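Chemist: I would like the atomic coordinates for the input below:
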Amino acid sequence: MWGKILGACFGFMFGKVFGALLGLFVGHMFDKSLKQNFDNAGGFKGFFNNDNISQRQALFFSSCFAVMGHIAKSNGRVNEMHIRAATAFMDEMGLTGDDKKEAQHAFRAGKEADFCMTSTLREFREHFAGRFDLIQLFLEIQIQMAFSDGHLASVEKTLLEQVAKGLGLSQTHFKFILKRYQAEFAFRQQQQRFNQQHSRQQRTSSSSNSSMSRAQALNILGLDEGADAREIKKAYRKLMSQHHPDKLVSQGLPAHMMKLAQKKSQDIQAAYEYLKKAA
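Modeler: Below is the predicted model of the structure:
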């Protein structure tokens, strides 16, 4: 449309009515050509290229399992608990067929002596620049793998610190995420024990949170004792936004990993509900 308008205006300036008609025709042809080029580029969708999202999802997937394998081999041999945890993680994601084989291949590649975690993280950081939520989730997944046997060995912690540094995260933020996950891990362990003891009873939202303490709930939200209601609500909203599954998938999180984000959101929600009721 702008081609017609500008063409008519310039045409009128130089050739009055005849010039305006000629400019209108030229502008029409320009608009038509521009529209074809725009449509061929995918219209407005061209600004949100699905191929780029697919590439990021593939990179997140392969990098995640490769670094997992590297952490599993951190003590010189692969811990059987880590293998079971990785397999359970794949099953939880619903991986089958080629997808599962790809995850297993990446995991094995990470265990190899020639695996370069530094370059893997550098490539990951370059492709996910500006997507802080996904970078943070990547680290959270690696922490979860390291905790799969119930404790964090010093060599594993050192590796996780290297992962955080490679992703561009500060030591302070690493400690913040680690403290949050330790609280999540303890809460899930308590939930499992609670659910086993009450497997035959109907559980409500309030009863399933009964094993959580205030300190634990605050830690899940990344807060210290003494946080007031405003700080609690602010931390809750921020964390829920960072772990929103649909948002993360649109940024490059593999759809298979959506359940992980959902589970983290549920823990955050549970902590917030507990603190609201305990206030």
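Chemist: Could you spell out which stretches of the protein belong to which domain?
Modeler: Here the domain parsing of the chain from automatic domain parsing is 2-48, 51-278.
Chemist: ranking those domains by mean pLDDT, which is last?
Modeler: Note on the domains of the chain: lowest mean pLDDT is at domain 2-48, with a mean of 48.
Chemist: tally of neighbours for the nearest residue to Met68 once chain neighbours are set aside?
Modeler: Closest residue to Met68 apart from its sequence neighbours, by Cβ to Cβ, 6 or more residues apart in numbering: Met145 at 4.8 Å. Yep, even glycine has a C-beta here, placed from its N, CA and C like the rest. Met145 has 24 neighbours, counted by other Cβ atoms under 10 Å.
Chemist: these two touch, right, Met145 and Gly69?
Modeler: No - if you go by Cβ atoms under 8 Å, Met145 and Gly69 don't touch, sitting 9.1 Å apart.
Chemist: list residues touching both of those two?
Modeler: Both Met145 and Gly69 are contacted by Ala86, under the criterion Cβ atoms under 8 Å, 6 or more residues apart in numbering.
Chemist: Determine which stretch of the domains of the chain is the most buried.
Modeler: Across the domains of the chain, the average number of neighbours (mean count of other Cβ atoms under 10 Å) peaks for domain 51-278, which reaches a mean of 16.
Chemist: Contacts for the helix or strand harbouring Gln216 next, please.
Modeler: Using DSSP states H and E, Gln216 falls within helix 214-220. Helix 214-220 is contacted by residues 179-180, 182-184, 186-187, 224-225, 227, 232, 267-268, 270-272, 274-275, 278 when judged by Cβ under 8 Å, 6+ apart.
Chemist: Recalculate using a threshold of 10 Å.
Modeler: By Cβ atoms under 10 Å, 6 or more residues apart in numbering, the surrounding residues in contact with helix 214-220 are 179-184, 186-187, 190, 209, 212-213, 223-227, 231-232, 235-236, 239, 264, 267-276, 278-279.
Chemist: what's the following helix or strand after that helix?
Modeler: Downstream of helix 214-220, the next assigned helix or strand under DSSP H and E is helix 229-242.
Chemist: Off-centre distance for the next helix or strand after that next one?
Modeler: Counting by DSSP H and E, the next helix or strand C-terminal to helix 229-242 is helix 245-251. Taking Cα atoms, centre = their mean, to the nearest Å, one finds the center of helix 245-251 at 7 Å from the center of the full chain.
Chemist: next one: stretch 57-69
Modeler: 12 Å.
Chemist: now whichever strand or helix holds Met145 against helix 229-242, angle please.
Modeler: Following DSSP H and E, one finds Met145 within helix 132-146. Angle, helix 132-146 to helix 229-242, by axes from the mean of the first three to the mean of the last three Cα atoms, to 10 degrees: 90 degrees.
Chemist: Tell me which helix or strand comes right after helix 132-146.
Modeler: Counting by DSSP H and E, the next helix or strand C-terminal to helix 132-146 is helix 154-166.
Chemist: Can I get that following helix in CSV, CA atoms only?
Modeler: C-alpha atoms of helix 154-166 as CSV (Å, rounded to 0.1, in the frame of the first residue of the first chain):
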residue,chain,number,x,y,z
SER,A,154,33.4,-32.6,45.9
VAL,A,155,34.5,-33.5,42.4
GLU,A,156,30.9,-33.2,41.1
LYS,A,157,30.5,-29.8,42.8
THR,A,158,33.8,-28.7,41.1
LEU,A,159,32.4,-29.8,37.7
LEU,A,160,29.1,-28.1,38.3
GLU,A,161,31.0,-24.9,39.1
GLN,A,162,32.8,-25.2,35.8
VAL,A,163,29.5,-25.8,34.0
ALA,A,164,28.1,-22.6,35.6
LYS,A,165,31.2,-20.6,34.6
GLY,A,166,31.0,-22.0,31.1
